[in-house]
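Trainee: I would like to see how this sequence folds:
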Amino acid sequence: MIKAIISGAAGRMGRSLIGAVQTSDEFSLVGALESENSELLGLDAGELAGVGKAGVLLSTTDESLVEQADVMIDFSSPLASVFNAETCAELGTALVIGTTGMDVEQEKTLKKGSNRIPIFVSPNMSLGMSMLYRLVENAVSTLGKNFDVEIFEAHHSGKKDAPSGTALRLGEVIANARGVDLREKAVFDRSGDIKTRVPDSIGFSSVRGGDIAGDHTVILAGDGERLELTHRAHDRSNFVHGALLAASFVCANPPGLYGMSDLLGE
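Mentor: Numbers count the residues shown, from 1 in each chain. Take a look at the predicted model:
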């Protein structure tokens with residue numbers, strides 16, 4: 001059995017992961033982590049996830065707990081994920097990170113940690129989303145610059161970062177396919193007098209509301225026609241499935257920085 005710790009255990013993904021681990025024949029739950037400010041510390045993780053007693057209480061990061069685990073699955077916050085990466089690297093525990101909203105310096109910390117342990121990072125653990133990346137790359141390369149590109153994403157009302165990490169990753173795929181720098185071509189706001197559309201720009205728009213698990217659409221708009229490539233997450237089960245596959249993957253691989261393309265053998 002793979003001994004797993006869930007970080008961000010009280011969140012939407014954390015609870016779903018706890019439920020999946022508790023019913024898995026491959027994983028056992030040995031820890032459930034939350035921030036020191038959480039009012040849920042001390043509660044049984046299984047009861048919190050709605051799957052009955054797990055015998056594991058929500059706690060803050062404990063090095064002795066991390067050391068006994070094979071892998072930590074982290075869906076917390078950028079600061080917490082970076083701290084967990086440093087802790088796991090020091091103690092030799094593999095790490096899966098689904099946290100979004102990290103900045104360049106935080107990503108550098110993950111890269112440094114991957115020299116000591118296997119770290120799997122993906123803003124979207126869905127296998128279908130990985131296929132969308134490939135379809136978008138092919139469509140953008142084939143249709144060329146006569147088609148304008150826009151990215152639309154929608155998530156639940158509790159999501160804190162916008163655009164989503166997945167939308168930004170789609171932007172990177174599009175920018176790479178066109179041979180441009182996303183930082184120079186991204187447009188995140190079109191309020192006021194926006195004049196005409198800047199050639200090669202890549203627009204982003206976000207919706208936050210209700211319990212939307214995650215919708216992403218890439219629109220390629222040409223003269224007289226429009227192509228839309230969409231992935232919709234009906235619930236979090238697809239993300240959970242991908243995260244557990246990633247956890248198995250890192251436990252079987254040497255130190256390094258991995259992503260969905262590695263998992264799928266692309």
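Trainee: tell me the residue furthest from the middle of this structure?
Mentor: Ranked by distance from the centre of the chain (C-alpha atoms, centre = their mean), the top residue is residue 224, with 35.5 Å.
Trainee: give me the distance between that one and residue 231.
Mentor: Shown here: residue 224 relative to residue 231, a distance of 26 Å by C-beta to C-beta, to the nearest Å. C-beta here means a position set from N, CA and C on the backbone, and glycine is covered the same way.
Trainee: show me the protein divided up by domain.
Mentor: 2-121+236-263, 127-233 (automatic domain parsing).
Trainee: what is the neighbour count of the nearest residue to residue 29 once chain neighbours are set aside?
Mentor: Among residues not flanking residue 29 along the chain, residue 21 sits closest, at 4.8 Å (C-beta to C-beta, 6 or more residues apart in numbering). Neighbourhood size, residue 21 [other C-beta atoms under 10 Å]: 30.
Trainee: just the element for residue 21, please.
Mentor: Using DSSP states H and E, the element containing residue 21 is helix 12-22.
Trainee: pLDDT of that helix, averaged?
Mentor: Averaging pLDDT along helix 12-22 yields 94.
Trainee: same deal with stretch 214-223?
Mentor: If you average the pLDDT over stretch 214-223, you get 96.
Trainee: now swap in stretch 155-165 and tell me
Mentor: Here the average pLDDT along stretch 155-165 is 90.
Trainee: first vs last residue of that stretch, how far apart are they?
Mentor: Stretch 155-165 has an end-to-end distance of 11 Å (criterion: C-alpha to C-alpha, to the nearest Å).
Trainee: mind listing what's buried along it?
Mentor: Judged by neighbour count (16 or more other C-beta atoms under 10 Å), stretch 155-165 contains these buried residues: 155, 159, 161, 162, 163, 164, 165.
Trainee: one more: stretch 211-225?
Mentor: Residues of stretch 211-225 classed as buried: 212, 213, 214, 216, 217, 218, 219, 220 (neighbour count, 16+ other C-beta under 10 Å).
Trainee: so what's residue 58 up against?
Mentor: Residues in contact with residue 58 (C-beta atoms under 8 Å, 6 or more residues apart in numbering) are 9-10, 32-34, 38, 40-45, 48.
Trainee: and it, that one's in a strand?
Mentor: Yes. Counting by DSSP: H, G, I helix; E, B strand; the rest coil, residue 58 is part of a strand.
Trainee: just the pLDDT for it.
Mentor: 91.
Trainee: beta partners for it?
Mentor: Assessed by DSSP bridges, residue 58 has beta-bridge partners residue 32.
Trainee: any idea how far it lies from residue 223?
Mentor: Using C-beta to C-beta, residue 58 is found at 56 Å from residue 223.
Trainee: kindly report the same for residue 161.
Mentor: To residue 223, residue 161 is 35 Å away according to C-beta to C-beta.
Trainee: and if you look at residue 136?
Mentor: Distance, residue 136 to residue 223, by C-beta to C-beta: 20 Å.
Trainee: what does residue 23 give?
Mentor: 52 Å.
Trainee: what do you get for residue 36?
Mentor: Here residue 36 is placed at a distance of 56 Å from residue 223 (C-beta to C-beta).
Trainee: what of residue 208?
Mentor: Counting by C-beta to C-beta, the gap from residue 208 to residue 223 is 33 Å.
Trainee: elements contacting the strand or helix carrying residue 142?
Mentor: Element membership of residue 142 [criterion: DSSP H and E] is helix 127-143. Applying 3 or more C-beta pairs under 8 Å, 6 or more residues apart in numbering; DSSP states H and E, one finds that helix 127-143 contacts helix 165-178, strand 214-222, strand 225-233, helix 237-251, helix 260-263.
Trainee: how about 10 Å then?
Mentor: strand 148-155, helix 165-178, strand 214-222, strand 225-233, helix 237-251, helix 260-263 (3 or more C-beta pairs under 10 Å, 6 or more residues apart in numbering; DSSP states H and E).
Trainee: any chance of the ones you listed in CSV, with distance to residue 187 too?
Mentor: Output for the helices and strands packed on helix 127-143, formatted as CSV (distance: least, C-beta to C-beta, whole Å):
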stretch, distance to residue 187
strand 148-155, 9
helix 165-178, 10
strand 214-222, 13
strand 225-233, 18
helix 237-251, 28
helix 260-263, 26
